[in-house]
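Student: Can you look at this prediction? I've put the sequence above it.
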Amino acid sequence: MSRISSSLSRRTFIFGSLAASATLAGCSTVPGAQGAPGEQAQLQTPLPVTPSTKPLVEPEVTPEVASAPAVSPEIAARYAQLQDGDFTIPAIPYQKIDPKYYRQQVTDPTGEPAGTVVVDTASRFLYLVQPGGKAIRYGVGIGREGFAWKGEGTIHWRQHWPRWKPPSDMIARQPGLAKFSVANGGMAPGLKNPLGARALYIFQNGKDTLYRLHGTPDWKSIGKATSSGCVRLINQDAIDLYERVPYHARIVVYQTPLPGTAA
């Protein structure tokens, strides 16, 4: 009887040891099996994800990061350094600008005929309406004069690398600008000229409204309200608009957001 008990005890010990080994083996292999799908998901995601130092923990991704569009090489080329006549326009650090202000094609929210320019000063957008229910949208900065007029007009005059002639009220506020007055011929064209690479002049009923669409060397002002100027675009965008907009194009300026465009 003692032999049978001893034999049973030895068998119980052996099977118990095997079961414990199987249990330990299961704990060590499950994390590897679970980790693989997580690693595959990271490879498939369009945005770069810093590898976790703890492979068993999935990296936390906020909805904003997960849904942010990847910047394409085309956008980099859009705002690259540009040789324009005698001037070399520097590349724009577009990564520092809110992507919604990049030049892009969107569904037209204006309802205006193709060829119309629409300025939504409140949302800091300018639209050039295209056929087929589309529009090219540009991010803009709005200066003090940009909030001073609204309504409909015509892009009556356009200039390539314009001279800047500050109005008399601006000179009264900043007397140092008197050297650039109309009487003195204005500031020569160039990279530091506040009107940038292109300017479009708005007339209404045959008269100059003093409202302008123009380039700017100050890319940081895009999407913001500024102390001076009218409607300013990144120089690369001002050139693009200048080349696309029809002669004597109709323009509509709103001082309240277009429906569905408020930020």
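Tutor: The structure has been received and is ready for your questions. Every value quoted in this text rests on a predicted model; they were computed, and no experiment measured them.

Student: Show me where the stretch 151-263 of the chain dips below the pLDDT cut-off.
Tutor: 227-229, 260-263 (pLDDT under 70).

Student: mind listing the strands for the stretch 51-200 of the chain?
Tutor: Read by DSSP state E, counting those that start in this stretch, the stretch 51-200 of the chain holds these strands, from start to end of the chain: 82-84, 87-89, 104-107, 117-120, 125-130, 134-139, 141-142, 151-160, 198-204.

Student: Save these as CSV, and put in distance to K224 and mean neighbour count too.
Tutor: In short, each C-beta sits where N, CA and C put it, glycine included. Supplementary listing: the strands of the stretch 51-200 of the chain in CSV, determined by distance: least, CB to CB, whole Å; neighbours: other CB atoms under 10 Å:
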stretch, distance to K224, mean neighbour count
strand 82-84, 23, 13
strand 87-89, 21, 15
strand 104-107, 19, 12
strand 117-120, 14, 25
strand 125-130, 13, 23
strand 134-139, 10, 22
strand 141-142, 5, 24
strand 151-160, 23, 16
strand 198-204, 20, 21
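
Student: The ones you listed: which one's closest to L213?
Tutor: Closest to L213 of the strands of the stretch 51-200 of the chain, according to CB to CB: strand 198-204, at 4.2 Å.

Student: C-terminal to that closest one, which secondary structure element comes first?
Tutor: Sequence-wise, the next helix or strand beyond strand 198-204 is strand 207-216, with elements assigned using DSSP states H and E.

Student: Beyond that following strand, next helix or strand please.
Tutor: Past strand 207-216, further along toward the C-terminus, the next helix or strand under DSSP H and E is strand 231-234.

Student: Partner strands of that following strand, with direction?
Tutor: Based on DSSP bridges, the pairing partners of strand 231-234 within the sheet are strand 141-142 (antiparallel), strand 207-216 (parallel).

Student: Please work out which of those strands is packed deepest.
Tutor: Taking mean count of other CB atoms under 10 Å as the contact definition, the stretch among the strands paired with strand 231-234 with the greatest mean neighbour count is strand 141-142, which reaches a mean of 24.

Student: That strand - what's its average pLDDT?
Tutor: The average pLDDT for strand 141-142 rounds to 92.

Student: Ok, which of the strands paired with strand 231-234 comes nearest I222?
Tutor: strand 141-142 (5.1 Å).

Student: For this protein, which segments are assigned as helices?
Tutor: If you assign secondary structure with DSSP state H, the helices in the chain sit at 2-44, 63-67, 73-78, 168-173, 235-244.

Student: buried stuff in the last one?
Tutor: Across helix 235-244, burial judged by 16 or more other CB atoms under 10 Å covers 235-242.

Student: quick one, it and strand 151-160 angle?
Tutor: Following axes from the mean of the first three to the mean of the last three CA atoms, to 10 degrees, one obtains 100 degrees for the angle between helix 235-244 and strand 151-160.

Student: Turn the strands of the stretch 51-200 of the chain into JSON lines, including distance to P167.
Tutor: Compiled in JSON lines, these are given as follows (distance: least, CB to CB, whole Å):
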{"stretch": "strand 82-84", "distance to P167": "27"}
{"stretch": "strand 87-89", "distance to P167": "25"}
{"stretch": "strand 104-107", "distance to P167": "33"}
{"stretch": "strand 117-120", "distance to P167": "20"}
{"stretch": "strand 125-130", "distance to P167": "22"}
{"stretch": "strand 134-139", "distance to P167": "25"}
{"stretch": "strand 141-142", "distance to P167": "17"}
{"stretch": "strand 151-160", "distance to P167": "17"}
{"stretch": "strand 198-204", "distance to P167": "13"}
